[in-house]
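Colleague: 3D model of this:
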Amino acid sequence: MTSQQIRQQFLDYFKEKGHLIVPSAPIVLKDDPTLMFSNSGMTQFKDYFLGYKKPKAPRIADTQKCLRVSGKHNDLDDVGRDTYHHTMFEMLGNWSFGDYFKKEAIGFAWELLTEVYKIPKENLYVTIFEGDASENLERDQDAYDYWKSHIDESRIINGNKKDNFWEMGESGPCGPCSEIHVDLRSEEEKAQVPGVELINNDHPQVVEIWNNVFMEFNRKADGSLEKLPAQHVDTGMGFERLCMALQGKKSNYDTDVFTPLIAKVEELSCKKYTGILEDEKDISIRVVVDHIRAVAFAIADGQLPSNGGAGYVIRRILRRAISYSYRFLGMKEPFLFELVAVLRNEMGDFFPELVKQQKLVTEVIKEEESSFLKTIEHGLKRIDLIINETISKNEKTLPGAEVFELYDTYGFPADLSRIIAEEKQLTVDEKGFDEEMEKQKQRSKKSSAQKVHDWVILEEKQETFVGYDQTEAETYITRYRKIENKDGEFYQIVLSKSPFYPEGGGQIGDKGILIPSYTEGFDISSPDVFNITNCGDIIEVLETRKENNLIVSLIKDLPKDAGAVFYAKVNLNERKNTQANHSVTHLLHEALREVLGTHVEQKGSFVGPDYLRFDFSHFSKMSEEELKRVEEKVNAKIKENIALQEFRNIPIAEAMEKGAMALFGEKYGDSVRMIQFGSSKELCGGTHVKNTGEIGHFKIQNESSTAAGIRRIEAISGDKSAEYFQNLETQVKEISALLKSKDLAKSVEKLIEENSGLKSEIESLKKEKAKGETANWKNDFVENGDKKLLVKKVSMDAGSVKDIVFQLKKEIDNAVIIIISDADQKPMITVGVSQDLEAKYHAGNIVKELAKEIQGGGGGNPGFATAGGKNLAGIENAYQKALEI
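Modeller: Numbers count the residues shown, from 1 in each chain. Alright, predicted model coming up:
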């Protein structure tokens, strides 16, 4: 049975059992503050379990793309080292939301595995929760009793809280679980060691394939448990492990999920995969075929590699694959991108995003490979300098801090540094490296640490967002909670009616104020409401976000009467400018597709009151003519004064029939909101102008690249666009006054010509001066053993010093030259070594040692090196040190 058939059979079985089959949610999460990626099948249903949303059906089944590379669920370091751990994996799951519970879930699982998939019953074991006295939790007797009707009691195993009580995080829905394990060993192996002894003991052929979680508790922020209002079932079966069991393999990597990818790697690398666990070549191939799946799906879902957040995680996974293939497969050129086509052929039928985004995914991975391979080459040079300096000091250990800097700042793999050190009979100061790593972790942890208290519920009520139609509302607080972070203590509140738009779709969240009804003499309709100061009753809304389907506003202090009626008012000026920028991104998107082609798709955006940023797929820099045409098209639409057509809560099928654009990587419900300005039609939840004339004017300020195949436009509109042209007019008048001319182009051209002539004269004078200095400096050399030494302090520019040093190197044998300059109040050290001494003295090592005195850094080759610094006062110490060297 092929993997495609196995997947389809699972979905067909549960469809027959009355389950609604839904597509996988994006692997990248954009609206969940607690997670970066879907790390389990239940992630997209979290709001259902928490009661924030109603499920589409009481029974649902799907196959979900999952990624476990950060936080509590992190399998990255295990990948490649064993046969069954993965970064990206598929989770087959069936769900019951207040419908069936343990009996039916256990019955479905047993029937599918033994009667549909025909797994021998004697190869299966199950675990149940044994209870936990510290939590006042009893043994899951119900699950035990239900299992007894299907399987021998000797195969039902008690499991502890770690293995058999599932929690999605530090807080949230949780409950006892029952795992199903399969023993894939030979009969001879089973006879030697009973399978029951190997459950949850990391045996590669005795593995868990299915976990049935019985959600009946909610873990609160204080650690206590409370009963959920309804009982739910959340199950997850590892697709890759199931394929291993059904295809009679000993490793996930031997199934047809991975073999096409492995075959392509073998072809490209000319290395044969043998499946040996400890073989570095085979480990590398497993790493490559696993990681390419994770990276490709993440990019297809809209997450590009970057230096922060989820993008950093994706870049780290990709670089791990590149590092392994570089070291153990000998792949010095990009090749991972060629695996994308194989992945698309194997998984594109079930995951159409791979087909749609194939070109983008391929180009991004290729560019990332090229960039990191250059980093590796650069890192090799830097590690050579560290090694040479260590050897020159007669030491055998590379400084851990410097190896960590290579890893942390430049992305050079630490284990590659270790391998290179071993080849030179050196070691790495592991303690120093670990200390720097721990410091970095603590810095990161401190910057993101946040303590979130439990919600205090004032009223159980369905909150309402009224911000599309109102910018002020009479309201009250339904719940609040305290949060503590590096900036202090704050409170998050939820309002019964909220006019504040929560951050989403690239648009920042609203700010504003809350005025308690007990405030005396305050006029909510006053146009000067935001200019009022020193009024203790007014509460400033600092930001608004969406969390678990709740609109959460942030305030500094809780009002003295949290149960009072409040008047909520949005900061109208910021809202006005923000929604103008949001509406213009829709017009921009359409214009880009008209000018560049329909391959253009939005890949990210930022919409605030001061500017907008729009990322889109395109594979070359836009020309000035293209930018001009786009700008003209957008401004033409603005001048047409096109009225907004809003289609609120319409079926997604109807929106698509009307021609609405949906973005890959976004999660849409059955009902959506469509925003239309003439021919521009997009699914969007943001706030917008009533007609395009309100935008005023659109001006592109910059176009650049953010990643391979992704361009970025930064622009302004509305008030900021008007300010831009006003500032330009002021500058023109000031420049005209300075030049005493209204023909600015002609005057500037004349200035450039004069400046060019003066520069030529200066350069000629510098060269003449340098010739004279060269002759003078020859007389300043001091004989010192086998060399002639020149150490000077000067106030000359770097270019002149370099010319003189190279001239002296040619004319003086056995010369070591050290010039320390303070030109322009910036310390600069230049070192030259004549060719006949380069084997004995290394200019790069000398300059690096001296640079410490001026708080600087630099480098070069054995014959010539330079370093700049920050500490001008250190020049004298550098001079004395140079004399000592």
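Colleague: ok, now which residue in the chain is the farthest from the centroid?
Modeller: Among the C-alpha atoms of the chain, the one farthest from their average position, using CA atoms, centre = their mean, is that of residue 779, at 59.8 Å.
Colleague: low pLDDT regions in the stretch 351-500 of the chain?
Modeller: Counting by pLDDT under 70, the stretch 351-500 of the chain contains low-confidence ranges at 447-448.
Colleague: what does the chain give?
Modeller: In the predicted model, the chain carries pLDDT under 70 at residues 31-34, 70-75, 447-448, 520-536, 664-665.
Colleague: Once you drop chain neighbours, what's closest to residue 367?
Modeller: By the measure of CB to CB, 6 or more residues apart in numbering, the closest residue to residue 367 outside its immediate chain neighbours is residue 708, 2.9 Å from it. Placement of C-beta: from N, CA and C, glycine included.
Colleague: so how far is residue 353 from that neighbour?
Modeller: 18 Å (CB to CB, to the nearest Å).
Colleague: now swap in residue 884 and tell me
Modeller: Distance from residue 884 to residue 353, by CB to CB: 64 Å.
Colleague: Looking at those two, which is more packed in?
Modeller: Using other CB atoms under 10 Å as the criterion, residue 884 and residue 353 rank with residue 353 on top: 24 against 6.
Colleague: is it true that that one touches residue 300?
Modeller: Yes. Taking contacts as CB atoms under 8 Å, residue 353 lies within contact range of residue 300: 4.3 Å.
Colleague: got the contact list for the residue nearest to residue 367?
Modeller: Neighbour list for residue 708: 363-368 [criterion: CB atoms under 8 Å, 6 or more residues apart in numbering].
Colleague: what's the answer for residue 599, then?
Modeller: Residue 599 makes contact with 359, 617-618 under the criterion CB under 8 Å, 6+ apart.
Colleague: Can you report how many residues lie near residue 742?
Modeller: Residues within reach of residue 742, counting by other CB under 10 Å, total 10.
Colleague: likewise residue 561?
Modeller: Taking other CB under 10 Å as the neighbour definition, residue 561 ends up with a count of 12.
Colleague: for it, helix, strand, or coil?
Modeller: What DSSP: H, G, I helix; E, B strand; the rest coil gives for residue 561 is coil.
Colleague: Tell me who's in contact with it.
Modeller: Residues counted as contacts of residue 561 (CB under 8 Å, 6+ apart) are 516, 518.
Colleague: Next: residue 827.
Modeller: Shown in contact with residue 827 (CB under 8 Å, 6+ apart): 820-821, 854, 856, 868-872, 874-875, 878.
Colleague: what's the spacing between it and residue 880?
Modeller: Taking CB to CB as the measure, residue 827 falls 14 Å from residue 880.
Colleague: Residue 237 too?
Modeller: Note on residue 237: its distance to residue 880, by CB to CB, is 72 Å.
Colleague: now do residue 387
Modeller: Per CB to CB, residue 387 is found 28 Å from residue 880.
Colleague: Residue 674 belongs to a helix?
Modeller: No. When the secondary structure is assigned by three-state DSSP, residue 674 falls in strand instead of a helix.
Colleague: which one is it nearest to, not counting chain neighbours?
Modeller: Residue 674 sits nearest to residue 647 (CB to CB, 6+ apart), 4.1 Å away.
Colleague: how about the one you found, secondary structure?
Modeller: strand.
Colleague: Go ahead and confirm it touches residue 673.
Modeller: Yes. Counting by CB under 8 Å, a contact exists between residue 647 and residue 673, whose distance comes to 6.8 Å.
Colleague: if we can go back for a sec, higher neighbour count, residue 387 and residue 880?
Modeller: In this view residue 387 and residue 880 are compared by other CB under 10 Å, and residue 387 has more residues nearby, 17 against 12.
Colleague: Give me the phi and psi for the more buried one.
Modeller: Torsion angles at residue 387 (phi, psi; degrees, to the nearest 10) stand at phi -60, psi -50.
Colleague: residue contacts, it?
Modeller: Applying CB under 8 Å, 6+ apart, one finds that residue 387 lies in contact with 398, 420-421, 424, 426.
Colleague: now, which of these lie within helices?
Modeller: By the criterion of DSSP state H, membership of these in helices covers 420-421.
Colleague: Tabulate the contacts of residue 387 (CSV), appending distance to residue 221.
Modeller: What follows is the contacts of residue 387, written out as CSV (distance: CB to CB, whole Å):
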residue, distance to residue 221
398, 45
420, 47
421, 46
424, 52
426, 49
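Colleague: can you give me the helices in the stretch 751-885 of the chain?
Modeller: Applying DSSP state H, counting those that start in this stretch to the stretch 751-885 of the chain gives helices spanning 798-811, 843-851, 875-884.
Colleague: which of these sits most buried?
Modeller: Of all the helices of the stretch 751-885 of the chain, helix 843-851 has the most neighbours on average by mean count of other CB atoms under 10 Å, namely a mean of 23.
Colleague: What is the distance between that one and the centre of its chain?
Modeller: Mean C-alpha position of helix 843-851 versus that of the full chain (CA atoms, centre = their mean, to the nearest Å) differs by 38 Å.
Colleague: Which other helices and strands does that helix contact?
Modeller: Packed against helix 843-851 by the contact rule (3 or more CB pairs under 8 Å, 6 or more residues apart in numbering; DSSP states H and E) you find helix 358-392, strand 815-821, strand 828-833, strand 857-860, strand 864-868, helix 875-884.
Colleague: Quick one: closest of the ones you listed to residue 549.
Modeller: Comparison of these against residue 549 by CB to CB identifies helix 358-392 as nearest, at 30.8 Å.
Colleague: and which of the contacts of residue 827 is nearest to residue 247?
Modeller: Using CB to CB, residue 856 is the member of the contacts of residue 827 that lies nearest residue 247, at 60.5 Å.
Colleague: Contacts only, for the closest one.
Modeller: Contacts were defined as CB under 8 Å, 6+ apart; by that measure residue 856 touches 827, 829, 867-871.
Colleague: now residue 265
Modeller: Taking CB under 8 Å, 6+ apart, we find residue 265 in contact with 271, 273, 285, 288-289, 329, 339.
Colleague: does it sit in a helix, a strand or a coil?
Modeller: In the three-state summary, residue 265 is assigned as helix, counting by three-state DSSP.
Colleague: For it, give its distance to residue 281.
Modeller: 10 Å.
Colleague: what's the overlap in contacts for these two?
Modeller: Common contact partners of residue 265 and residue 281 (CB under 8 Å, 6+ apart): 271, 273, 329.
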